[in-house]
Each structure stands twice: as structure tokens, then as C-alpha cells.
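Student: Sharing a sequence plus its predicted fold:
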Amino acid sequence: MAERSQPGLRQVLLVAAAATAAVLGSALVTSFLPAEIQRFFFHQPVTIAILIVGTAFVLWRVATRRPPED
């Protein structure tokens, strides 16, 4: 049975930095929108839905990744 390598600290930190940048970036972009559109984003779970879909995509990619061939 082929062993799958565990993600290293560098990969974990890169994913954490990307997630943090996505959240901060969405907050920054939202701050430039008109008040009515801001209200929509703040009162509807749009950002949460986008983050859930993004997380599901990342988990799907990790789960279906093929191990490297030797």
C-alpha cells in the first residue's frame, strides 16, 4: 500500500494565509460598495455561502487527489 504524505507546516500556513486573505479581501471589496449592496451582504449569508462552497471545493480536491507515482 502506498503511503500518502501528510501536508507540511508550509502547506498548512499557505492555506491559512489564503483563507485569511480571502476573508479580508471580501471585507475590503465590500467596503467600497454602495450602502444598499453592503446591507445585502451583511444581512444575507452570501459571504458564508461563498466560503462554504470554497471550502467544499478544497476538500473535494484534497479527497480526490491521486498519490504521486514513483
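Tutor: Thanks, I have the structure now. In this text the structure is predicted, and so the values were computed from the model without any measurement.

Student: going forward, measure contacts and count neighbours with C-alpha atoms only.
Tutor: Noted.

Student: Quick one: list the elements packing against the longest helix seen in the chain.
Tutor: Assignment by DSSP state H gives helix 9-31 as the longest helix of the chain. Judged by 3 or more CA pairs under 8 Å, 6 or more residues apart in numbering; DSSP states H and E, helix 9-31 is in contact with helix 35-43.

Student: related to what we said a few turns ago, residues in contact with the longest helix of the chain?
Tutor: Outside helix 9-31, the residues that touch it by CA atoms under 8 Å, 6 or more residues apart in numbering are 38, 41, 47.

Student: how about a cut-off of 7 Å?
Tutor: residue 38 (CA atoms under 7 Å, 6 or more residues apart in numbering).

Student: buried sites along it?
Tutor: residue 30 (16 or more other CA atoms under 10 Å).

Student: Measure how that helix sits relative to helix 35-43, angle-wise.
Tutor: Going by axes from the mean of the first three to the mean of the last three CA atoms, to 10 degrees, helix 9-31 is angled at 140 degrees with respect to helix 35-43.

Student: Quick check: mean pLDDT of stretch 9-16?
Tutor: The average pLDDT within stretch 9-16 is 85.

Student: May I see the buried residues of stretch 27-45?
Tutor: 30, 38.
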